[in-house]
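Enquirer: missing the sequence, but the structure's below:
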């Protein structure tokens, strides 16, 4: 009988390509032969990321294994400059770097990573003295995320440094309101390739007419190429004039500052000024009924984490008849909403919902969505003992596992059911 170790390496690599990251790491630990095969196959680790903390526990074999796999995405927790030096020794060709809870006032070692394209800095425990560390990588960075970063320098210096990153296609700037940051137009003037912008709005009460104006225009109109916009802690008055530069916008996400809305729904102005939107995400603010009848008919993707009623979804189905992607998290129970989805949104391809309080029959009725290929359940936990509500098991319940099995049988395994999602390691937890 042929030993499994005598099988061709190409066959094993094909088998390994179907494994999750966790399973690949488990297989590495079984024997030196599999570890050698896995570590020498770069394509198997494309997109793999590793989180590093407490650097003193990492030895040479550990670093060598990361180098052999050409790991391109690394998150460093509670790190210092000496740790970046060590990291650059082993993985100098790093593509993406996340720094969470950074413990020093500077990050000059970024210049050691000559292929770095994506940088994320979140929750710095020590204020950054300046942003001069961005200059050596200004010609490389395409994505920059700054979330809850403390500063000792003026916010204007931050924006001046960011403005030098002329290759940026994605910029995220989140803060708790402690930074007095001018409107983004000064940055947009220089970042002509920017496609994605995520901006904290807590310090703005009224958006000036030039809030999004890049200050220069082409013969065809606005030079602003922004297609994806996220606004956090939003409660600002806006006019049609202020939104004119956003003619290329296709995706809008609004995270409202207050769960109890004010007298005016500012989102209405956005929706009337941007009839070409294809993706809309709304969190908090006014009930859906206030703006459901002015949703753009071009919508293909919709996220609703708001107060809504069944009749509101009927209005949405008429306004957005071609909707393909729906994320539904109403403030009240969704038990009486799921049963309506197959009839109201027959073209859905992806659906994200909470399943608690949804009856078994309504859950299985999702089989009627003939185009559905992905169902994500956002509440895959259960309480084994009703008498002890503090005992929570963070995994699918036996009931849910049976429902998933039944649904897949009914759809001939057409629908992929996700019970635990994986975040981009470089994204913050604000959104």
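Expert: Arrived safely. In this text the structure is predicted, and so the values were computed from the model without any measurement. Numbering: from 1, shown residues only.
Enquirer: need the per-residue pLDDT for the nearest residue to residue 317 once chain neighbours are set aside.
Expert: Nearest residue to residue 317, sequence neighbours excluded (Cβ to Cβ, 6 or more residues apart in numbering): residue 344, at 3.9 Å. Every residue, glycine included, has its C-beta placed from N, CA and C. At residue 344, the model reports a pLDDT of 97.
Enquirer: separation between residue 344 and residue 353?
Expert: Going from residue 344 to residue 353 by Cβ to Cβ, to the nearest Å gives 14 Å.
Enquirer: between the two, which is the more surrounded one?
Expert: A direct count of neighbours by other Cβ atoms under 10 Å for residue 344 and residue 353 places residue 353 higher, at 22 against 18.
Enquirer: which ones are touching the residue lying closest to the more buried one once chain neighbours are set aside?
Expert: Using Cβ to Cβ, 6+ apart and skipping the chain neighbours, the partner closest in space to residue 353 is residue 328 (5.2 Å). Counting by Cβ atoms under 8 Å, 6 or more residues apart in numbering, residue 328 makes contact with 304, 334, 337, 341, 351, 352, 353.
Enquirer: do you know how far the residue nearest to residue 317 is from residue 61?
Expert: Counting by Cβ to Cβ, the gap from residue 344 to residue 61 is 56 Å.
Enquirer: do residue 307 as well
Expert: For residue 307, the distance to residue 61 equals 55 Å [Cβ to Cβ].
Enquirer: and if you look at residue 268?
Expert: Taken as Cβ to Cβ, the span from residue 268 to residue 61 is 60 Å.
Enquirer: sketch out the low-pLDDT regions of the stretch 1-150 of the chain for me.
Expert: For the stretch 1-150 of the chain, the stretches with pLDDT under 70 are 1-5.
Enquirer: please redo it, this time with the cut-off set to 80
Expert: Applying pLDDT under 80 to the stretch 1-150 of the chain flags the ranges 1-6, 21, 42.
Enquirer: equivalent analysis for the stretch 251-400 of the chain, please.
Expert: Across the stretch 251-400 of the chain, residues meeting the criterion (pLDDT under 80) sit at 258-262, 332-335.
Enquirer: which stretches of it form helices?
Expert: 267-273, 310-319, 341-344, 360-364, 398-410 (DSSP state H, counting those that start in this stretch).
Enquirer: could you dump those to TSV with distance to residue 88?
Expert: Formatted as TSV, the helices of the stretch 251-400 of the chain follow (distance: least, Cβ to Cβ, whole Å):
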stretch	distance to residue 88
helix 267-273	44
helix 310-319	50
helix 341-344	50
helix 360-364	50
helix 398-410	44
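Enquirer: who wins for proximity to residue 257 among the ones you listed?
Expert: With Cβ to Cβ as the criterion, residue 257 lies closest to helix 267-273 of the helices of the stretch 251-400 of the chain, at 12.4 Å.
Enquirer: next one: that closest one to chain centre, how far?
Expert: 24 Å (Cα atoms, centre = their mean, to the nearest Å).
Enquirer: picking that back up, now the buried members of the contacts of residue 328.
Expert: For the contacts of residue 328, a burial check counting by 16 or more other Cβ atoms under 10 Å picks out 304, 334, 337, 341, 351, 352, 353.
Enquirer: okay, the residues you listed in JSON lines with distance to residue 224 next?
Expert: Formatted as JSON lines, those follow (distance: Cβ to Cβ, whole Å):
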{"residue": "304", "distance to residue 224": "27"}
{"residue": "334", "distance to residue 224": "37"}
{"residue": "337", "distance to residue 224": "37"}
{"residue": "341", "distance to residue 224": "36"}
{"residue": "351", "distance to residue 224": "33"}
{"residue": "352", "distance to residue 224": "30"}
{"residue": "353", "distance to residue 224": "35"}
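Enquirer: closest to residue 27 among those?
Expert: Nearest member of the buried ones among the contacts of residue 328 to residue 27, counting by Cβ to Cβ, is residue 352, at 31.0 Å.
Enquirer: ok, residue 100 - contacts?
Expert: Applying Cβ under 8 Å, 6+ apart, we find residue 100 in contact with 75, 76, 77, 78, 122, 123.
Enquirer: with residue 211 instead?
Expert: 183, 184, 185, 204, 242 are the contacts of residue 211 under Cβ under 8 Å, 6+ apart.
Enquirer: cool, residue 63 as well?
Expert: Contacts of residue 63 (Cβ under 8 Å, 6+ apart): 86, 89, 90.
Enquirer: which among those residues end up buried?
Expert: residue 90.
Enquirer: just the contacts of residue 63: which are in helices?
Expert: 86, 89, 90 (DSSP state H).
Enquirer: look up how far residue 364 lies from residue 375.
Expert: Distance from residue 375 to residue 364, by Cβ to Cβ: 12 Å.
Enquirer: what touches both of these two?
Expert: residue 407.
Enquirer: of those two, who's got more company?
Expert: Using other Cβ under 10 Å as the criterion, residue 375 and residue 364 rank with residue 375 on top: 23 against 15.
Enquirer: doesn't residue 414 make contact with that one?
Expert: No - counting by Cβ atoms under 8 Å, residue 375 does not reach residue 414; the two are 10.5 Å apart.
Enquirer: how about the residue nearest to residue 181 when sequence neighbours are not counted, phi and psi?
Expert: Leaving aside its sequence neighbours, residue 181 sits nearest to residue 155 (Cβ to Cβ, 6+ apart; 4.7 Å). Here is the backbone geometry of residue 155 (degrees, to the nearest 10): phi -60, psi -30.
Enquirer: and what of residue 122?
Expert: phi -130, psi 140.
Enquirer: so who does it touch?
Expert: 98, 99, 100, 101, 145, 146, 147, 148, 149, 428.
Enquirer: if we go to 6 Å?
Expert: 100, 147, 428 (Cβ atoms under 6 Å, 6 or more residues apart in numbering).
Enquirer: fine by me, we can end here.
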